[in-house]
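Engineer: Structure for this input, please:
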Amino acid sequence: MTDQLLDELNDQEKEYEHAGFWIRVLALFLDFLAMLVPYLILLFLSSILAFDQMLIQALTFILSSCYWVYMTYKHEGTVGKLVLNLRVITQDGEPLSLERSILRFMITWGLSMVLTLI
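Structural biologist: Alright, predicted model coming up:
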């Protein structure tokens with residue numbers, strides 16, 4: 001009984017280490033590769049069906065948004081992060097809620113748009 005209590009206390013005090021910059025860059029590159037296949041399929045379909053370029057961009061944004069939010073919410077990280085054994089969690093070590101996953105994506109996307117304009 002006391003061993004179980006000690007294990008629970010140790011789990012509560014567990015500290016998580018932040019991933020470094022380059023490992024995150026590598027995870028982002030792996031995510032890029034994962035998203036490349038669906039993007040190429042969209043481009044192929046657009047050439048066959050003569051989709052408007054604006055429609056392709058909208059579909060790409062929707063697809064990537066769903067990918068980032070879903071993977072972060074359900075699997076605690078995107079494919080790149082999971083391959084590298086990284087997890088996206090709260091400061092308490094809990095998985096992100098759907099709302100936090102959406103907010104995280106929106107902030108990341110917003111910052112990337114601002115940096116693109118600079």
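Engineer: longest helix of the chain?
Structural biologist: When the chain is scanned for its longest helix (criterion: DSSP state H), the result is helix 21-49.
Engineer: average pLDDT for it?
Structural biologist: Mean pLDDT, computed over helix 21-49, is 89.
Engineer: Equivalent analysis for stretch 72-91, please.
Structural biologist: Per-residue pLDDT values over stretch 72-91 give a mean of 94.
Engineer: contact partners of it?
Structural biologist: 16, 19, 23-24, 26-32, 34, 67-68, 71, 95-98, 100-101, 104-105 (C-beta atoms under 8 Å, 6 or more residues apart in numbering). (C-beta placed from N, C-alpha, C; glycine too.)
Engineer: That stretch: how far from the chain's middle?
Structural biologist: For stretch 72-91, the distance between its averaged C-alpha position and the chain's averaged C-alpha position is 7 Å (C-alpha atoms, centre = their mean, to the nearest Å).
Engineer: got it, and stretch 66-80?
Structural biologist: Distance of stretch 66-80 from its chain centroid, counting by C-alpha atoms, centre = their mean, is 5 Å.
Engineer: can you pull the buried residues of it?
Structural biologist: Taking 16 or more other C-beta atoms under 10 Å as the basis for neighbour counts, the residues of stretch 66-80 that come out buried are 67-69, 71-73, 76-80.
Engineer: Kind regards, and thank you for your time.
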